[in-house]
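Q: prediction below, plus the sequence it came from.
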Amino acid sequence: MKKSKICISNTRGFSLLELLVVLALLGLVSVIVVPSIERGIRDREVRQSALALAALARELRSRAIYDGTLQDLVLNPSENSIQASAGKRILLSDEAKISAIDGGEPMGQGSRRFLFFPNGSTVGGEIGISGREGLAYTVRLQSLSGRVEVVKGGRR
């Protein structure tokens with residue numbers, strides 16, 4: 001019987017210089033990518049807040065039509081909160097602020113109330129939701145049709 005030879009090749013691992021270059025590249029990429037990810041998360045918070053407000057307004061309009069009762073939506077910019085028809089108060093995240101309110105009925109201390117009527121109409125107006133980075137959305141409530149729409153950016 002013949003013995004087989006095991007041939008071990010002279011392979012090397014990575015040198016310290018190669019490892020340092022790879023680590024430097026990973027560090028550079030993380031410095032570029034991480035702020036973009038954080039900005040995207042903050043932008044998503046603002047968008048979600050505007051869409052949640054629009055969804056709540058649509059729900060109140062539907063409830064007013066279905067139940068035949070007046071529904072209201074109260075916005076309090078000083079507390080950064082929303083309250084719907086004697087329901088619980090919803091606080092917006094720190095990333096999204098109620099920046100402007102046009103229309104609605106004044107209630108004191110900067111609060112405004114939007115009414116939704118059983119015929120499908122509403123007290124019209126616009127509600128601005130903005131973030132720290134300048135990203136803004138406008139939630140529009142059309143008075144006669146009761147239509148609710150979200151527009152990215154400022155007022156048009």
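A: Received, thanks. Numbers count the residues shown, from 1 in each chain.
Q: low pLDDT regions in the chain?
A: Within the chain, the segments meeting pLDDT under 70 span 1-12, 86, 154-156.
Q: quick one, strands of it?
A: Per DSSP state E, the chain carries strands over the ranges 71-76, 81-84, 89-91, 97-103, 105-108, 111-116, 125-130, 136-141, 148-152.
Q: looking at these, spot the one closest to residue 47.
A: strand 136-141 (6.5 Å; Cβ to Cβ). C-beta: built from backbone N, CA, C; applies to glycine.
Q: which strands and helices sit next to that closest one?
A: helix 16-67, strand 125-130, strand 148-152 (3 or more Cβ pairs under 8 Å, 6 or more residues apart in numbering; DSSP states H and E).
Q: would you turn these into CSV with mean neighbour count and distance to residue 106?
A: CSV is the format used below for these (neighbours: other Cβ atoms under 10 Å; distance: least, Cβ to Cβ, whole Å):
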stretch, mean neighbour count, distance to residue 106
helix 16-67, 14, 18
strand 125-130, 21, 11
strand 148-152, 15, 21
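Q: distance to residue 99 for these - can I get that in TSV?
A: Converted to TSV, the helices and strands packed on strand 136-141 look like this (distance: least, Cβ to Cβ, whole Å):
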stretch	distance to residue 99
helix 16-67	10
strand 125-130	4
strand 148-152	14
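Q: coming back round to it: and the strands of the chain as a markdown table, adding distance to residue 55?
A: Listed next are the strands of the chain as a markdown table, based on distance: least, Cβ to Cβ, whole Å:
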| stretch | distance to residue 55 |
| --- | --- |
| strand 71-76 | 12 |
| strand 81-84 | 11 |
| strand 89-91 | 11 |
| strand 97-103 | 16 |
| strand 105-108 | 22 |
| strand 111-116 | 13 |
| strand 125-130 | 13 |
| strand 136-141 | 10 |
| strand 148-152 | 8 |
